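Q: coords below, sequence missing:
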Ligand code: NDP
Ligand code: 8X3
């Protein structure tokens, strides 16, 4: 059983649902994100079990300090859920904003690296632990405008697999959860710069996955017996599937 978890991006969406799900099962959770007010709301619903932690995962020193300074009750982390992340923009590469590209790389890749590197030594020393990284189908299947976002999630996938090699024999497990379209989060509003109408249109007329589906996947993978490692979970709504290659004809 997971006793202490550290969840990034816990203020909304998947991270908040994962935090609530774990806390409801009695797990102590460090819930981290930049927006302290939203974290306080999550913590208030689970008194004593959720420790809110205001943290920007892009800030390497802040990540190291925050993890080194956790209260004793929350210090021995046996589940890290690297969930913080975002897509910014859907423009073709030739028109994209480089600041958006930097923010995606810094959050989805560097932030995930910093949290992992800070928490792994404790797991290895204790001979147990589980890192669950939130990737995306965008890391496997290309789509127009997915350019750097998809590339960051391909990084998350491969980093997860490589972690398994490095952690061989330590007892520490690694899983990459790779969802398709999921509504009920701020993902599309963030991607479209706060344009809620454009964000809502993404899910019009179809039933996407919801944050509870992702929390279920995380809960399942982390609750399996210690000798079982789920490498990858790829899940999509039934309403989403694949289309043909595009062909340009002159
Ligand atoms: P949300 O936008 O609702 O959640 C993103 C979370 O990341 C928020 O809690 C946000 O909190 C946090 N975050 C963003 N930047 C930072 C940062 N620099 N430091 C710390 N926290 C940060 O979206 P989702 O719940 O949908 O997304 C969660 C993850 O799932 C992301 O990695 C996303 O790429 C991935 N994903 C989403 C899918 C979808 O369709 N929704 C599908 C596949 C994958 P705050 O702003 O308070 O810091
Ligand atoms: C989010 C899923 O298909 O919008 O990672 O890129 S998608």
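A: Cool, got the structure. Please read all numbers here as calculations on a predicted model, not as lab measurements. Ligands and ions are numbered 1, 2, ... in the order given.
Q: quick one, phi psi at residue 52?
A: For residue 52, the backbone dihedrals (degrees, to the nearest 10) come out as phi -70, psi 140.
Q: contacting residues for it?
A: 31, 32, 36, 39, 40, 42, 43 (CB atoms under 8 Å, 6 or more residues apart in numbering). From N, CA and C alone the C-beta is placed, and that goes for glycine too.
Q: what does this structure put close to ligand 2?
A: By CB under 6 Å from any ligand atom, the residues of the chain that approach ligand 2 are 136, 137, 138, 146, 180, 181.
Q: what lines up beside the biggest strand by length in the chain in the sheet?
A: Identified as the longest strand of the chain according to DSSP state E is strand 172-179. Strand pairing for strand 172-179, using DSSP bridges, gives strand 129-134 (parallel), strand 232-235 (parallel).
Q: Leaving out sequence neighbours, find the closest residue to residue 155.
A: residue 109 (5.0 Å; CB to CB, 6 or more residues apart in numbering).
Q: pretty sure residue 26 is touching residue 48, no?
A: No. If you go by CB atoms under 8 Å, residue 26 and residue 48 don't touch, sitting 10.8 Å apart.
Q: low pLDDT regions in this protein?
A: Along the chain, the model assigns pLDDT under 70 to no residue.
Q: Return the residues of it in contact with ligand 1.
A: Counting by CB under 6 Å from any ligand atom, the chain sits next to ligand 1 at 8-15, 33-35, 38, 55-58, 83-86, 107, 111, 134, 136, 179, 181-182, 185-187, 190.
Q: mind listing what the most centrally placed residue in the chain touches?
A: Centroid-nearest residue in the chain: residue 83, 1.6 Å away (criterion: CA atoms, centre = their mean). Listed by CB under 8 Å, 6+ apart, the contact set of residue 83 reads 7, 8, 9, 10, 14, 15, 18, 134.
Q: so what's the fourth one closest to, chain neighbours aside?
A: I take that to be residue 10. residue 31 (3.6 Å).
Q: and the helix or strand that contains that neighbour, which strands flank it?
A: Following DSSP states H and E, the helix or strand that holds residue 31 is strand 28-33. When sheet partners are counted by DSSP bridges, strand 28-33 sits next to strand 4-8 (parallel), strand 50-54 (parallel).
Q: next one: the first one to chain centre, how far?
A: Mean-position distance between strand 4-8 and its chain equals 11 Å (CA atoms, centre = their mean, to the nearest Å).
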